[in-house]
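1. I would like the atomic coordinates for the input below:
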Amino acid sequence: MSVKIGISLIAWQNDDLPDLTANFTTTGAMEDAGRIGYAGVERGRRMPADTEGLRAYLDRYGVVLCGGWCSGNLMVASVAEEQAAIRQQVEQFAALNAPCIVYAECSNTVQGALTTPVSSRPKLGRDDVMAYAAKLTELAKWSADQGVTLSYHHHMGGMIEDAEDIDWLMEGSGPEVTLLFDTGHLVFAGADPLAVLDKWGHRVHHVHFKDVRPDKLKWVRDGNRSFLDGVRAGVYSVPGDPQGCIDFQAITDQLKAIDYNGWIVVEAEQDPAIAPPYEYSKMGYNHIVDICARSGLTIER
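-> Next up is the predicted model:
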């Protein structure tokens, strides 16, 4: 079994806080990612929209497509309506052999609201999440039939955020719905990443690595601030940052124990004026290479 190391370009190109990254280009981000050694990148909004243009763009920088965000609206749409809404992305990802679409419900999220406290996020009851999970299973089966796995991204500010939400979603859905395991969002939500991985590792298909700065997390919680307030303040960072609090060695040890065979993607949005993207992305890459070696996880180059 082996893993591949990829990156989201959000450190260079933040779509939710574009002013943070106004001085950076997607081209520069792609050059940096390839130079550091990342094998793949997740799709960004500023990449070519057409499939062949995107294929050529990725080839130019020597990387592959290792997933990409999909804003879901299944809570307010029928399965057929949602299939139509995401069909183009699914077909493109199938053509480019992407490992998954990174799906998250966005019809009721507060994650992109600048002034809405993240504590105001929608918290649904078990029955509502289970009903949603049944619809999601239908969508995931359809996506799989098109050649693309659906990996659900639990996310701060969304209706699937904490460990309880994840439990209900996984319990209510079929195996076609896989889990995107994100270390930073779990810690921000007050969950234990190792406990979630131990319980749901058999459903994990895609992994995001980002660290959390405890002092910034406390600042967000104590001040009842928004998710984007936290991002701007630096609540997230890359693996290997001494200011972080997550034991990534324990995570990779567990990934080895469950025979994880997929992507580990660095996704750590923060202010590039404080955390230069190339420097921090290289720090994250080097740390992951080191801990994977210690865990006995082979990296596919």
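
2. In space, not sequence, find me the middle residue of the chain.
-> His208 (4.9 Å; CA atoms, centre = their mean).

3. Paired strands for the helix or strand it falls within, with orientation please.
-> Element membership for His208 (DSSP states H and E) is strand 204-209. Sheet pairing of strand 204-209 (DSSP bridges) gives strand 177-182 (parallel), strand 263-266 (parallel).

4. Residues in contact with the helix or strand that that strand is followed by: which ones?
-> Using DSSP H and E, the helix or strand that directly follows strand 204-209 along the chain is strand 211-212. Residues from elsewhere that reach strand 211-212 (CB atoms under 8 Å, 6 or more residues apart in numbering): 183-184, 187-188, 235-241, 243-246, 248, 268. Backbone N, C-alpha and C define where each C-beta goes, glycine included.

5. Show the residue spans covered by the helices in the stretch 201-301 of the chain.
-> With DSSP state H, counting those that start in this stretch, the ranges of helices along the stretch 201-301 of the chain come out as 214-222, 227-233, 248-257, 277-295.

6. List the residues that contact Ser120.
-> Ser120 neighbours (CB under 8 Å, 6+ apart): Val110.

7. all strands in this protein, in order from the N-terminus.
-> 2-7, 40-43, 64-72, 101-105, 150-153, 177-182, 204-209, 211-212, 236-237, 263-266, 298-299 (DSSP state E).

8. could the ones you listed be laid out in CSV, adding mean pLDDT and distance to Ser143?
-> What follows is the strands of the chain, written out as CSV (pLDDT from 0 to 100; distance: least, CB to CB, whole Å):
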stretch, mean pLDDT, distance to Ser143
strand 2-7, 97, 20
strand 40-43, 98, 15
strand 64-72, 98, 9
strand 101-105, 98, 7
strand 150-153, 98, 5
strand 177-182, 98, 10
strand 204-209, 98, 12
strand 211-212, 98, 30
strand 236-237, 98, 28
strand 263-266, 98, 17
strand 298-299, 97, 28
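
9. All good on my end, thank you.
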